[in-house]
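Enquirer: Sharing a sequence plus its predicted fold:
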Amino acid sequence: MPRPKNSRKIVSPPLMQGFKPFGIPRRELETIVMSIDEYEAIRLLDYEGLTQEQAAEKMNVSRPTLTRIYENARRSMARTLVEGTMMVIEGGNVEFDHDWYRCRRCHKLIGGLNKHVKCRQCDGSANEELTPIYKLKP
């Protein structure tokens, strides 16, 4: 029996929930799912430019585990670009430091209820406009 997977630490969720090719209706596209931990590996290694050791430490995983996560993410991205599929970023065994919400009016990602600053599009009560997207595990 395999041992249970540890949660991977994620700094913040992706700003977008996915991507799709221009000009093709969503209903006609095949969907590829990239997990949030795969997204985080891409963000840390390619966007932030961290070494694999540094990224593994931030995600609370071993370096070989990070390498496997990263390879899966690269394969998903390559397939999306080459085959013109839609990518959805969701799921995975992840852990956040606090709850995350998305504003229904301006679509901004907000880390915690107390951090919602109303913008021009936000005219109602701050908490009524927020949709919880990632809640902390109890």
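Expert: Sure thing, it's come through. Note that the structure is predicted; figures quoted are calculated from it, not measured.

Enquirer: and this structure, what are its domains?
Expert: Structurally, the chain divides into domains by automatic domain parsing as follows: 16-94, 100-134.

Enquirer: So Glu38, which state does it fall into?
Expert: helix (DSSP: H, G, I helix; E, B strand; the rest coil).

Enquirer: Could you do Met77 as well?
Expert: Taking three-state DSSP as the rule, one finds Met77 in the helix state.

Enquirer: one step back: output the domains of the chain in a markdown table; the columns should cover distance to Asn6 and mean neighbour count.
Expert: C-beta: built from backbone N, CA, C; applies to glycine. A markdown table is the format used below for these (distance: least, Cβ to Cβ, whole Å; neighbours: other Cβ atoms under 10 Å):
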| stretch | distance to Asn6 | mean neighbour count |
| --- | --- | --- |
| domain 16-94 | 7 | 16 |
| domain 100-134 | 18 | 14 |
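
Enquirer: so what's Arg63 up against?
Expert: 52-53, 56 (Cβ atoms under 8 Å, 6 or more residues apart in numbering).

Enquirer: In helices, which of those fall?
Expert: Restricting the contacts of Arg63 to those inside helices, with DSSP state H as the criterion, leaves 52-53, 56.

Enquirer: which regions of this protein lie under the pLDDT threshold?
Expert: 1, 3-4, 115-138 (pLDDT under 70).

Enquirer: can you give me the helices in it?
Expert: Using DSSP H, helices in the chain cover 36-42, 52-59, 63-83.

Enquirer: Just the C-alpha atoms of the last one, please, in CSV.
Expert: Provided in CSV are the C-alpha atoms of helix 63-83 (Å, rounded to 0.1, in the frame of the first residue of the first chain):
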residue,chain,number,x,y,z
ARG,A,63,13.9,17.4,-5.3
PRO,A,64,13.0,14.2,-7.2
THR,A,65,9.3,14.7,-6.5
LEU,A,66,9.6,18.3,-7.8
THR,A,67,11.3,17.0,-11.0
ARG,A,68,8.4,14.6,-11.6
ILE,A,69,5.8,17.4,-11.0
TYR,A,70,7.7,19.7,-13.4
GLU,A,71,8.0,17.1,-16.1
ASN,A,72,4.2,16.4,-16.0
ALA,A,73,3.6,20.2,-16.2
ARG,A,74,5.9,20.6,-19.2
ARG,A,75,4.2,17.7,-21.0
SER,A,76,0.8,19.2,-20.4
MET,A,77,1.9,22.6,-21.7
ALA,A,78,3.6,21.1,-24.8
ARG,A,79,0.5,19.1,-25.6
THR,A,80,-1.7,22.2,-25.2
LEU,A,81,0.5,24.3,-27.5
VAL,A,82,1.1,21.6,-30.2
GLU,A,83,-2.4,20.1,-30.3
